[in-house]
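>>> Below are the sequence and a predicted model; questions follow.
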Amino acid sequence: MKENIALIREVHHGLDLRLAEQEAIDMLQKIELEDIADKRQRDCSNLEKFYVMLIRAIMADAQKIIIRLPFSIIDSIVDPNELIDSIRKLGSQKEFIFLDTIANKSHYDKISDQKVVIDAL
C-alpha cells in the first residue's frame, strides 16, 4: 500500500521513491494504519483501502476532494465524524465535498467542519 500511495509523490512531484514511501508511511502512522504499509490491496479491508485512496487524494495537487457515496465504499464506518477526525489527523488543508444520497444525510448531521461540504445526489 505504501507503494500505491508513494506513486503520487514519485510520478507527479519527482520525489525519490524511498522518500515518497517514507512520506506514505508517515501519513499511515498519523491514522494508526502503518501496519498496512507492506500489504497488498487484496489483504486490506474496504476501510483500509478507502484511507489509502484518501491519502493519495490528499497528496495530489487538487485543492478539493470529492468523496462520492462513502457508505457504499466503507462498510465498517458508522460515524462520519471518525472519517473527519482522520482527515484532521492527516493535516489536510483541502476542502472535502461529500456527495451522498438523501437517505444517508442524517449520518452527517453532527459534522461541523468548515472544510466539509455535504450535498445530496
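Cool, got the structure.

>>> Tell me the pLDDT of the residue nearest to Asp100 when sequence neighbours are not counted.
Using CB to CB, 6 or more residues apart in numbering and skipping residues adjacent in sequence, the residue nearest Asp100 is Leu69, 5.9 Å away. No exception for glycine: its C-beta is placed from N, CA and C like everyone else's. Leu69 carries a pLDDT score of 82 in this model.

>>> Pretty sure Leu69 sits against Ala103.
No. The pair Leu69 / Ala103 is not scored as a contact, 10.9 Å apart, by CB atoms under 8 Å.

>>> Against Leu15, how distant is Leu33?
Taking CB to CB, to the nearest Å as the measure, Leu33 falls 21 Å from Leu15.

>>> Among the two, which residue is more densely surrounded?
Leu33 (20 against 17; other CB atoms under 10 Å).

>>> what ranges do the helices span in this structure?
2-13, 17-30, 46-59, 70-73, 80-89 (DSSP state H).

>>> For those helices, could you give me JSON lines that also reports mean neighbour count and distance to Ala37?
Below are the helices of the chain laid out as JSON lines (neighbours: other CB atoms under 10 Å; distance: least, CB to CB, whole Å):
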{"stretch": "helix 2-13", "mean neighbour count": "18", "distance to Ala37": "4"}
{"stretch": "helix 17-30", "mean neighbour count": "17", "distance to Ala37": "5"}
{"stretch": "helix 46-59", "mean neighbour count": "19", "distance to Ala37": "10"}
{"stretch": "helix 70-73", "mean neighbour count": "14", "distance to Ala37": "21"}
{"stretch": "helix 80-89", "mean neighbour count": "17", "distance to Ala37": "16"}
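
>>> what's the closest of the ones you listed to Ile111?
helix 80-89 (5.8 Å; CB to CB).
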